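J.: just coords:
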């Protein structure tokens, strides 16, 4: 994410100072590189709520922000707008009413909102940043992002940043890092029973190496040549002779230069009828030629590798990390929704500065990606095909699919129960093979 936050507007005008612009990009990535800013996903609010009143001379106000940081003045917005334009490579800020102005306006407001929301969230968590911490992080970022003091000054000039703006961004960076650490500490470690349940559920698919066979084979579409290879190997099936015969007769580019050897072949990976023949053949015996999919095949099983299962103690640390990652993802997903809903509801904007991140924003309820023709009575060219459903469909987990491996289960769109006679029509199973209850079936006791 750029230092300004939100999306970037398309640029106009010249390229400006290239070294300064490169430094600005590096600095921006470092300042908001901690990842906590994923909490700043835009959440659309379809219908606004009561406006408590934006102070005179302000463009927006955030309730419950720490101290006097909740008010966004016209001067602060104008500065953020210039910074958004500079970040987008726009040399002159467009006038209100221009489409590009609207994009830059949203970028600027997002930047201002994010700073207030992050400080407010951190304050509620009891976190703050000292001047010493800011100075330490600022020195680190300067050393990593700029080769000289002049390059840093060029960055400030081109990005329309003051030194105080930079300090503020560094403060937000440190707060982001502290919040991440605190939130991660709030997630409990996986229990031994959870680890064992995961292991049992995944043992067959993740921690078991299937039985396999090492096999040498020669493939040729000419039956006569395949028979000649079989005769040659019948007299001498040593590795050296396999290498000579394979090089002479095999048309399989993957094995002809290594004596026809394929190691670790598991049942079901070869085409039939070759698969069945290989797994029924005794070791050390030349077989074929067999008329197979790729051609006439002469083969010999050289070794059988038994199934190997990793014990729990060998993979316990791996499982613990996987479960912890799942728990962290679920925790942060829930937190993102709560964070955005809470702070959007506290943010009120002047009517000339309304965006979807303002509580008093009143939208039309239509998805931003939907074609306008979806909501017109008689659209030109007819109604678009890719229109969203009028009502969002619930997609709960399919019964029986919630497991330690898939804690959220397999989503399944809801649908009506089959009517009587549906069995004759073939509607006897749900997706995945689950059988629906019969219509009118009494509840189980």
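T.: Arrived safely, thanks for sending. What you see is a predicted model; the values in this text were computed from it and never measured.
J.: how close does the residue nearest to the spatial centre of the chain sit to residue 340?
T.: The centroid of the chain falls nearest to residue 329 when counting by Cα atoms, centre = their mean (10.7 Å). In this structure, residue 329 and residue 340 are 17 Å apart, going by Cβ to Cβ, to the nearest Å. Where C-beta positions appear, they are placed from N, C-alpha and C, glycine not excepted.
J.: show me where the protein has strands.
T.: 58-62, 71-73, 208-209, 212-220, 261-266, 286-291, 296-305, 308-309, 347-349 (DSSP state E).
J.: Put together JSON lines for those, with mean pLDDT, distance to residue 89 and mean neighbour count on each row.
T.: Below are the strands of the chain laid out as JSON lines (pLDDT from 0 to 100; distance: least, Cβ to Cβ, whole Å; neighbours: other Cβ atoms under 10 Å):
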{"stretch": "strand 58-62", "mean pLDDT": "95", "distance to residue 89": "24", "mean neighbour count": "23"}
{"stretch": "strand 71-73", "mean pLDDT": "95", "distance to residue 89": "25", "mean neighbour count": "19"}
{"stretch": "strand 208-209", "mean pLDDT": "93", "distance to residue 89": "54", "mean neighbour count": "13"}
{"stretch": "strand 212-220", "mean pLDDT": "96", "distance to residue 89": "57", "mean neighbour count": "24"}
{"stretch": "strand 261-266", "mean pLDDT": "94", "distance to residue 89": "54", "mean neighbour count": "16"}
{"stretch": "strand 286-291", "mean pLDDT": "94", "distance to residue 89": "66", "mean neighbour count": "19"}
{"stretch": "strand 296-305", "mean pLDDT": "96", "distance to residue 89": "60", "mean neighbour count": "21"}
{"stretch": "strand 308-309", "mean pLDDT": "94", "distance to residue 89": "58", "mean neighbour count": "11"}
{"stretch": "strand 347-349", "mean pLDDT": "95", "distance to residue 89": "27", "mean neighbour count": "24"}
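J.: Make CSV out of these and add distance to residue 141.
T.: Formatted as CSV, these follow (distance: least, Cβ to Cβ, whole Å):
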stretch, distance to residue 141
strand 58-62, 27
strand 71-73, 25
strand 208-209, 47
strand 212-220, 53
strand 261-266, 50
strand 286-291, 67
strand 296-305, 54
strand 308-309, 49
strand 347-349, 29
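J.: thought residue 61 was touching residue 68?
T.: No - contact criterion Cβ atoms under 8 Å: residue 61 and residue 68 do not qualify, at 10.9 Å.
J.: Show the pLDDT at residue 22.
T.: As predicted, residue 22 sits at a pLDDT of 47.
J.: Check residue 366 too.
T.: Value listed for residue 366 in the pLDDT field: 75.
J.: count of neighbours near it?
T.: Per other Cβ atoms under 10 Å, the neighbour tally for residue 366 reads 14.
J.: Check the closest residue to it other than its chain neighbours and give its pLDDT.
T.: Of all residues not flanking residue 366 in the chain, residue 375 sits nearest, at 5.7 Å (Cβ to Cβ, 6 or more residues apart in numbering). Here, the pLDDT recorded for residue 375 equals 82.
J.: any idea how far residue 196 is from residue 375?
T.: 53 Å.
J.: In the chain, what residue spans correspond to helices?
T.: In the chain, the segments counted as helices under DSSP state H are 18-31, 74-87, 99-124, 131-145, 149-159, 163-185, 192-206, 223-235, 239-249, 274-280, 312-345, 422-425.
J.: so what's residue 142 up against?
T.: By Cβ atoms under 8 Å, 6 or more residues apart in numbering, the residues touching residue 142 are residue 152.
J.: I'd like to know how far it sits from residue 79.
T.: Separation of residue 142 from residue 79 (Cβ to Cβ): 22 Å.
J.: Kindly report the same for residue 329.
T.: 37 Å.
J.: how deep is the closest residue to residue 246 other than its chain neighbours tucked in, by neighbour count?
T.: Distance criterion Cβ to Cβ, 6+ apart; nearest residue to residue 246, sequence neighbours excluded, is residue 260 at 4.1 Å. For residue 260, the neighbour count with other Cβ under 10 Å is 28.
J.: so how many other residues sit close to residue 399?
T.: 13.
J.: any idea how far it is from residue 411?
T.: 12 Å.
J.: can you list the helices of the chain in a markdown table and add distance to residue 365?
T.: Shown next, in a markdown table, are these (distance: least, Cβ to Cβ, whole Å):
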| stretch | distance to residue 365 |
| --- | --- |
| helix 18-31 | 34 |
| helix 74-87 | 27 |
| helix 99-124 | 19 |
| helix 131-145 | 42 |
| helix 149-159 | 37 |
| helix 163-185 | 32 |
| helix 192-206 | 41 |
| helix 223-235 | 69 |
| helix 239-249 | 68 |
| helix 274-280 | 56 |
| helix 312-345 | 16 |
| helix 422-425 | 35 |
